[in-house]
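Chemist: how does the following fold in three dimensions:
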Amino acid sequence: MRTRPLITMLCLTIVCALAMPASAIKVDKAIKKLPDEDRQMILALKIYMAEDELEAYLTLDGHEARVDFLEETGYLRKWNLIREEFMPHVVKRQVVKGMNKDELWMTWGKPVQVRQTFYEKAYVDIYTYFFYEDRKGTAIPTPDRDDPLSYNRPQWEMNVYFHNDKVVSILEEGELFSPQDLSNQFQPLPDAVEKPEPVAEPDPEPEAGTEAGSETEGGTE
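Modeler: Residues are numbered from 1 along each chain as shown. Just a heads-up that it's a prediction; the model follows:
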């Protein structure tokens, strides 16, 4: 007698799970079909875009048309402000120390939670992200632990510690933040390190004329 209600509930759960992310799946499929350069740009910039803007972008044909759209809407400026040393990490979806907030958001998206704490006389923002692993083994950020796409997949939490407009630490759930990460950022930059004393140059060789004079003197004796 209990089997049928249980089966019914499971069926309803599966139906809801399939129905809820339909628009997201459609967008993801459209993005995957884009050329590499366009796909990398839109994956980074879509967190700033309204749904209708993203849909309009995905209807465009050709790289130039897509770039023109991003320029007209102002999103291209966000992309161009990514610092050169962090661009490879943004493209690979890898958050690293030193990123600013926009570089972080364009890499992992907006955090699901932001809280503030106090370490070593400094306030630190903690940005929490949820991830699940897809069937290909790729880590996918998700706004919700109950994301239907993450059903029955490995899931975990990452916390990004942010201070003075830069990422100072990236930790998995359960790992403890070290205040040393705060003090490290105040170490002198390479250019500020004291330079060694210059090496003394060797004395110049005696001039040929001087040697000749000595021989002349010797010859008069």
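
Chemist: and the strands in this protein, which stretches?
Modeler: 113-119, 122-133, 139-142, 155-163, 166-172 (DSSP state E).

Chemist: quick check: G109 touching F131?
Modeler: No: assessed by C-beta atoms under 8 Å, G109 is found out of contact with F131, at 10.8 Å. Glycine gets a C-beta too; all of them are placed from N, C-alpha and C.

Chemist: anything in contact with each of these two?
Modeler: Common neighbours of G109 and F131, using C-beta atoms under 8 Å, 6 or more residues apart in numbering, are P141.

Chemist: break the protein into its domains for me.
Modeler: 17-81, 95-188 (automatic domain parsing).

Chemist: and the last one, average pLDDT?
Modeler: Confidence over domain 95-188, taken as the mean pLDDT, stands at 80.

Chemist: likewise the first one?
Modeler: Regarding domain 17-81, the rounded mean pLDDT is 89.

Chemist: would you map the helices across this protein?
Modeler: 3-19, 22-32, 36-45, 51-58, 63-73, 75-80, 87-91, 101-108, 180-184, 208-220 (DSSP state H).

Chemist: mean neighbour count added to the strands of the chain, as a markdown table?
Modeler: Below are the strands of the chain laid out as a markdown table (neighbours: other C-beta atoms under 10 Å):
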| stretch | mean neighbour count |
| --- | --- |
| strand 113-119 | 11 |
| strand 122-133 | 17 |
| strand 139-142 | 17 |
| strand 155-163 | 18 |
| strand 166-172 | 18 |
